[in-house]
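Visitor: Sharing a model that was predicted from the sequence below.
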Amino acid sequence: MLFFDPKLSGSSQISYSSCHDPEMGWTDRREVSLGNNHLEGTRNTQSLFNITERTSFFWDGRSKTLEDQASGPLSALHEMDMDLSKLPEKLSQYKGYKKLFKDAYGDEKITNKRIVEALANFQKSIKSQPSRFDKFIDGDYTKLTDQEVYGMHLFRTKARCMNCHNGKYLTDESFRNIGLTYYKRKFEDLGRYEITKDPDDVGRFKTPSLRDLLNTNPWMHNGFFDDLDGLINLYNSGMHMIDPTQEQKAKDPLYPYTDALLQSLNLTKEEKLALKSFLESMSGSKYKMDRPKFPVE
């Protein structure tokens with residue numbers, strides 16, 4: 001109920017579900033988020049699928065717990081813009097919320113700690129559903145076509161995707177610079193460096209999960225990519241468009257290197273189509289969730 005209730009925002013118009021809509025893959029399908037007073041954020045909204053399995057949160061890994069991840073948007077000016085010192089009092093005005101907190105915690109006391117704890121526990125319930133790829137792995141070999149099986153082979157070998165997208169959730173939980181830093185250009189985003197201040201982290205962003213890929217577009221930290229063909233072509237190029245020379249790096253220690261794992265792939269047209277078809281087989285979740293009725297008194 002807290003997740004969907006706009007009363008948690010300063011304007012009482014923005015909820016967590018404004019950016020994380022269950023019918024949109026728990027995203028908002030925008031390039032960047034739109035929050036309080038129609039202010040735009042600076043990064044793409046990440047999906048909440050399987051978020052309880054993450055080891056860090058946000059594109060730059062600034063949060064280490066779900067509770068911290070849940071609390072950040074509450075007070076952010078361009079998100080929910082809520083004065084946290086006033087939130088418990090605001091919700092305490094509603095008898096319905098007092099009863100709900102008593103049911104959950106044993107007494108009617110409403111605190112920010114309890115609010116974010118409840119939000120975090122709800123998010124732990126958001127799980128992706130089995131895709132055709134999962135069913136194939138489990139032994140039903142009719143679930144993937146020959147083209148998709150070939151794409152899976154390429155994913156693991158020539159296309160090099162598995163270097164970063166591996167494991168149950170198809171992410172290595174690491175941070176990579178894949179060449180989209182736009183360093184010293186209009187769309188510059190220094191990524192994880194803003195958190196660590198480590199020059200090696202310039203342009204590094206969290207490796208996203210590839211599960212339910214078709215439900216979570218547009219992709220990348222800036223939301224610039226909404227076409228799988230274009231994205232595959234980009235990776236096929238190797239992404240090393242702005243690597244500095246030794247002279248440039250000496251003059252500017254922050255000048256970022258693209259991750260060495262990225263290389264020109266030389267995929268053929270048929271290989272790119274096979275890889276695309278395999279990536280599409282990873283989507284299995286469809287959500288139709290009724291919104292809860294909120295306390296009005």
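Guide: Good, I have the coordinates. Quantities reported herein were computed from a predicted structural model and do not represent experimental measurements.

Visitor: For the chain, name the helix or strand with the lowest mean pLDDT.
Guide: Among the helices and strands of the chain, helix 246-251 carries the lowest confidence by mean pLDDT, DSSP states H and E, at a mean of 89.

Visitor: Give me the contacts around that one.
Guide: The contact list for helix 246-251 (CB atoms under 8 Å, 6 or more residues apart in numbering) reads Tyr255. (Glycine included, C-beta is placed from N, CA and C.)

Visitor: go on, stretch 185-193?
Guide: Here stretch 185-193 makes contact (CB under 8 Å, 6+ apart) with 42-43, 59-61, 175, 177, 181-183, 198-199, 201-205, 221-222, 224, 254.

Visitor: Contacts only, for the residue lying closest to Lys276 once chain neighbours are set aside.
Guide: Leaving aside its sequence neighbours, Lys276 sits nearest to Leu228 (CB to CB, 6 or more residues apart in numbering; 5.2 Å). Contacts for Leu228 (CB under 8 Å, 6+ apart) come out as 213, 276, 279-280.

Visitor: Just the pLDDT at Phe122, thanks.
Guide: On the pLDDT scale, Phe122 is placed at 96.

Visitor: hmm, back to that, distance between the least confident helix or strand of the chain and the chain's centre?
Guide: The gap between where helix 246-251 is centred and where its chain is centred comes out at 34 Å by CA atoms, centre = their mean, to the nearest Å.

Visitor: again, but for stretch 188-208
Guide: With CA atoms, centre = their mean, you get 16 Å for stretch 188-208.

Visitor: can you tell me the distance between the two ends of that stretch?
Guide: 20 Å (CA to CA, to the nearest Å).

Visitor: For that stretch, buried residues please.
Guide: Applying a neighbour-count criterion of 16 or more other CB atoms under 10 Å, the buried positions in stretch 188-208 are 189-193, 195-196, 201-208.

Visitor: burial of Glu53, as a residue count?
Guide: By the measure other CB atoms under 10 Å, the count of residues near Glu53 is 14.

Visitor: Give me the pLDDT value at it.
Guide: For Glu53, pLDDT reads 95.

Visitor: List the residues that contact it.
Guide: 168-169.

Visitor: how close does it get to Val116?
Guide: 19 Å (CB to CB, to the nearest Å).

Visitor: so where do the strands sit in the stretch 151-297 of the chain?
Guide: Secondary structure of the stretch 151-297 of the chain (DSSP state E, counting those that start in this stretch): strands located at 175-176, 205-206.

Visitor: From the contact counts, what lies against the first one?
Guide: Secondary structure elements in contact with strand 175-176, counted by 3 or more CB pairs under 8 Å, 6 or more residues apart in numbering; DSSP states H and E, are strand 205-206.

Visitor: So which residue is dead centre in the chain?
Guide: In the chain, the centroid-proximal residue (CA atoms, centre = their mean) is Gln46; its distance is 2.2 Å.

Visitor: Could you report the neighbour count for Phe3?
Guide: 19.

Visitor: The closest residue to it other than its chain neighbours and Gly61, how far apart?
Guide: Among residues not flanking Phe3 along the chain, Tyr16 sits closest, at 4.6 Å (CB to CB, 6+ apart). Going from Tyr16 to Gly61 by CB to CB gives 20 Å.

Visitor: and if you look at Asn163?
Guide: Asn163 is 19 Å from Gly61, by CB to CB.

Visitor: between those two, which one's more packed in?
Guide: Neighbours were counted for Asn163 and for Gly61 using other CB under 10 Å; Gly61 has more, 21 against 15.

Visitor: So the more buried one is in contact with Asp201, correct?
Guide: No. At 9.4 Å, Gly61 does not count as touching Asp201 under the criterion of CB atoms under 8 Å.

Visitor: Overlap in contacts, the two.
Guide: Contacts common to Gly61 and Asp201, judged by CB under 8 Å, 6+ apart, are 175, 192, 195.

Visitor: what would those look like in TSV with distance to Asn233 and pLDDT?
Guide: TSV is the format used below for the shared contacts of Gly61 and Asp201 (distance: CB to CB, whole Å; pLDDT from 0 to 100):
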residue	distance to Asn233	pLDDT
Phe175	24	98
Arg192	26	98
Ile195	31	97
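
Visitor: If we only consider those residues, which is nearest to Pro88?
Guide: Using CB to CB, Ile195 comes nearest to Pro88 of the shared contacts of Gly61 and Asp201, at 28.8 Å.
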